[in-house]
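Visitor: pasting the sequence and the predicted model now:
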Amino acid sequence: MESGASVPSKVIHFRNVGQELTQADLAQICQPFGIVQHIVLLRSKNQALVQFQEVPSAINMLSYFATNPCSIRGRVVIPQFSKNQELTGGPGGSVRQHTSNNNSASGESPNRILLVTIQNPLYPITVDVLNQVFSPYGNLEKIVIFSKTAGLQALVQYARVEQAVQAKTTLHGQNIYAGSCTLHIQFSNLSDLTVKANTDKTRDFANPSLPTEAPNRQRGNLASPASSQGSPFQLGQLGHLSSIPGMTVQMMQQIIQQQQQQQASSGMSFPGGNATLMTSPFAPTDKSVLLVSSLNPDTDCDMLFNLFSNYGNVVRIKILHNKRDRALVQMGDNFQATTAMMYLKGVNVLGSPIDVVYSKYPYIASGPDPTGQDQNTKDYANSGQNRFVKAGSKNFKYITVPGNMLHLSNLTPNVSEDSIRELLNPFGAISNLKIFESSGKRQCLLQFMERDSAVDALIHLHNKPFEGLNLRVAFSKSTI
């Protein structure tokens, strides 16, 4: 292995170069800094060597990546000066002349404005969505979305050239949503964008006083949620979004909330209402299964169902026999799985902070259980306890982060504060409680002093009998 050299060289040595990366990937990240002459991939060592035409190009590149992560297709690679001042052919790998240069179509001169082509735009692409995707890499000034013969495109203007370079390097080839909305990015030859209105298609972030207009989901050739065709598992699949470097949980939650609002207003339900699709091993193949770890061994399937069903329809849950602190949770689709993962990662369940990540399994197999007594695997596909079965369910707009406020429903007309306190007091100190009527039905808002108490109460009491009815418990964003 080549150790880092302190003497500047026009040859850059890359480490942590995965098998999936190509010469074109390396050329793309290097070309904004100068003309690339040679590229050598050292597959057996997960390394690569790239030779610039001039030493200053290599110096500029390393100076930039000294303070910015060098990421290629989601993998962080480590560049440094090579001990070699020139590349020659040898046993370490074949040396190839890379024919593109800075002025070619695939390696144009760096500019602070990016031309972004969104291929296969199955889902709505608005200024807000692009802002969430591109803002981690610098100060965005303007965004303009439009349609041309090449398809759906956008111009994204940064304050500085180096910010645009980092965004292009990191995001080119990424999908905003799993399997769709693929970003193909090149530098624009424009010097400045003109924005006349702040809408869902154009935005000047420095001039909020521009006229506005109501967003129109049907404009252009964007598919609105109501007009999406094909499998219901298409809507809102967000798996690849979480893999984009710089994408925070807060950003993910904002995009998820936008999708929830669009889905609720379209009158569509989560696909959990279709038992045939949900139970098919071939339907939810795109990251709809979550791996939950660091569980308290006393956690059972129903507790996990009560928790995860706040964020989508649960298909099946399996607690691993040989690792009781781990479980698999299959949601109705990737959108619901991503929502649950973003909201529940790090939440204390029975005193243990759980971790939630995507599982490598596309579905949970229902293994043979001749006795019917296996409590470690439970099927909820046909359960009426799922919260999002009905089309246009109002529950979409109530999805919120786990907090210390709970909403109790399906209460008897004569329910009292005393009976509710008696039921909930064992889980922790109650700071406030309010019984009210909505649509002629008694409901209750109850606030605990601690969030852990609310989580504990929810996983134990949701769907449990209370005064002759099955109690419904959910997290609430309301206040008392």
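Guide: Noted; the coordinates are in hand.
Visitor: next, Leu130: phi, psi?
Guide: phi -70, psi -30 (degrees, to the nearest 10).
Visitor: sketch out the low-pLDDT regions of the stretch 201-350 of the chain for me.
Guide: The model of the stretch 201-350 of the chain has pLDDT under 70 over residues 213-286.
Visitor: hey, where'd the helices end up in it?
Guide: 249-265, 275-279, 301-308, 334-344 (DSSP state H, counting those that start in this stretch).
Visitor: angle of the third one against helix 334-344?
Guide: In terms of direction (axes from the mean of the first three to the mean of the last three Cα atoms, to 10 degrees), helix 301-308 departs from helix 334-344 by 90 degrees.
Visitor: from the chain's centre, how far out does helix 301-308 sit?
Guide: 22 Å (Cα atoms, centre = their mean, to the nearest Å).
Visitor: does anything pack onto that helix? Which helices or strands?
Guide: strand 314-319, strand 327-331, helix 334-344, strand 377-379, helix 451-461 (3 or more Cβ pairs under 8 Å, 6 or more residues apart in numbering; DSSP states H and E). Any C-beta I mention is one placed from the backbone N, CA and C, and that applies to glycine too.
Visitor: could you export these as TSV, including mean neighbour count and distance to Ser9?
Guide: Formatted as TSV, those follow (neighbours: other Cβ atoms under 10 Å; distance: least, Cβ to Cβ, whole Å):
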stretch	mean neighbour count	distance to Ser9
strand 314-319	25	54
strand 327-331	27	49
helix 334-344	26	44
strand 377-379	18	58
helix 451-461	21	54
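Visitor: of all these, which one is nearest Ile59?
Guide: Distance to Ile59, taken as Cβ to Cβ, is lowest for helix 334-344 among the helices and strands packed on helix 301-308, at 40.4 Å.
Visitor: re the thing from before, export the helices and strands packed on helix 301-308 as CSV, with columns for distance to Pro353.
Guide: Shown next, in CSV, are the helices and strands packed on helix 301-308 (distance: least, Cβ to Cβ, whole Å):
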stretch, distance to Pro353
strand 314-319, 18
strand 327-331, 15
helix 334-344, 10
strand 377-379, 24
helix 451-461, 10
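Visitor: so which of those is nearest Gln132?
Guide: helix 334-344 (13.0 Å).
Visitor: next, the angle helix 451-461 makes with the closest one.
Guide: Using the same axes, to 10 degrees: helix 334-344 against helix 451-461 is 130 degrees.
Visitor: how far off centre is helix 334-344?
Guide: Worked out by Cα atoms, centre = their mean, helix 334-344 lies 8 Å from the chain centre.
Visitor: other SSEs contacting that helix?
Guide: helix 249-265, strand 289-293, helix 301-308, strand 327-331, strand 355-358.
Visitor: next, the angle from the third one to strand 314-319.
Guide: Counting by the same axes, to 10 degrees, helix 301-308 lies at 130 degrees to strand 314-319.
Visitor: report the angle between helix 301-308 and strand 327-331.
Guide: Inter-element angle recorded for helix 301-308 and strand 327-331: 50 degrees (by the same axes, to 10 degrees).
Visitor: what residues does helix 301-308 touch?
Guide: Applying Cβ atoms under 8 Å, 6 or more residues apart in numbering, the contact partners of helix 301-308 are 290, 292, 314, 317-319, 327, 329, 331, 340, 344, 347, 349-350, 375-378, 380, 385, 455, 458-460, 462-463, 473.
Visitor: please redo it, this time with the cut-off set to 7 Å
Guide: Outside helix 301-308, the residues that touch it by Cβ atoms under 7 Å, 6 or more residues apart in numbering are 292, 314, 317, 319, 327, 329, 340, 344, 349, 375, 378, 380, 458-459, 462-463.
Visitor: go through the residues you listed and name the one nearest Val129.
Guide: Of those, the one sitting nearest to Val129 (Cβ to Cβ) turns out to be Ala340, at 20.8 Å.
Visitor: hmm, Tyr311 and that closest one touching each other?
Guide: Yes: with contacts counted by Cβ atoms under 7 Å, Ala340 reaches Tyr311, the gap being 4.0 Å.
Visitor: re the thing from before, can you tell me which of the helices and strands packed on helix 301-308 is nearest to Ala197?
Guide: Nearest of the helices and strands packed on helix 301-308 (Cβ to Cβ): helix 334-344, 30.8 Å.
Visitor: residue at max distance from the center of this structure?
Guide: Distance from the C-alpha centroid of the chain, by Cα atoms, centre = their mean, peaks at Asn414 (44.0 Å).
Visitor: and what about it, helix, strand or coil?
Guide: Three-state call for Asn414 (DSSP: H, G, I helix; E, B strand; the rest coil): coil.
Visitor: separation between it and Leu406?
Guide: 21 Å (Cβ to Cβ, to the nearest Å).
Visitor: list the contacts of stretch 313-323.
Guide: Outside stretch 313-323, the residues touching it (Cβ under 7 Å, 6+ apart) are 270, 272, 278, 301, 304-305, 308, 326-332, 336, 364, 366, 376-381, 386, 388-389.
Visitor: how near is the residue farthest from the centre of the chain to Leu469?
Guide: 11 Å.
Visitor: equivalent analysis for Ser478, please.
Guide: Distance from Ser478 to Leu469, by Cβ to Cβ: 21 Å.
Visitor: gap between the two ends of stretch 364-376?
Guide: Across its full length, stretch 364-376 reaches 12 Å between end residues, using Cα to Cα, to the nearest Å.
Visitor: and if you look at stretch 35-52?
Guide: End to end - Cα to Cα - stretch 35-52 spans 6 Å.
Visitor: pLDDT (mean, whole number) over that stretch?
Guide: Taken as a whole, stretch 35-52 has an average pLDDT of 87.
Visitor: the chain should start at 4 in everything you say after this.
Guide: In the new count, where the first residue is 4, that last one comes out as stretch 38-55.
Visitor: quick one, what contacts Glu470?
Guide: Per Cβ under 7 Å, 6+ apart, neighbours of Glu470: 415, 418, 422.
Visitor: list buried members of the residues you listed by neighbour count.
Guide: Val418 (16 or more other Cβ atoms under 10 Å).
Visitor: any chance of the contacts of Glu470 in TSV, with pLDDT too?
Guide: Output for those, formatted as TSV (pLDDT from 0 to 100):
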residue	pLDDT
Thr415	95
Val418	95
Ser422	96
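Visitor: looking at the contacts of Glu470, which is nearest Val39?
Guide: Closest to Val39, out of all of these and judged by Cβ to Cβ, is Val418, at 72.3 Å.
Visitor: so the closest one sits right up against Arg445, yeah?
Guide: Yes: contact criterion Cβ under 7 Å: Val418 and Arg445 qualify, at 5.5 Å.
Visitor: got any residues that touch both of the two?
Guide: Ile438.
Visitor: what residues are up against the closest residue to Arg424 other than its chain neighbours?
Guide: Spatial nearest neighbour of Arg424, excluding adjacent residues (Cβ to Cβ, 6 or more residues apart in numbering): Ile433 at 6.3 Å. Ile433 sits next to 424, 427, 449-451 when contact means Cβ under 7 Å, 6+ apart.
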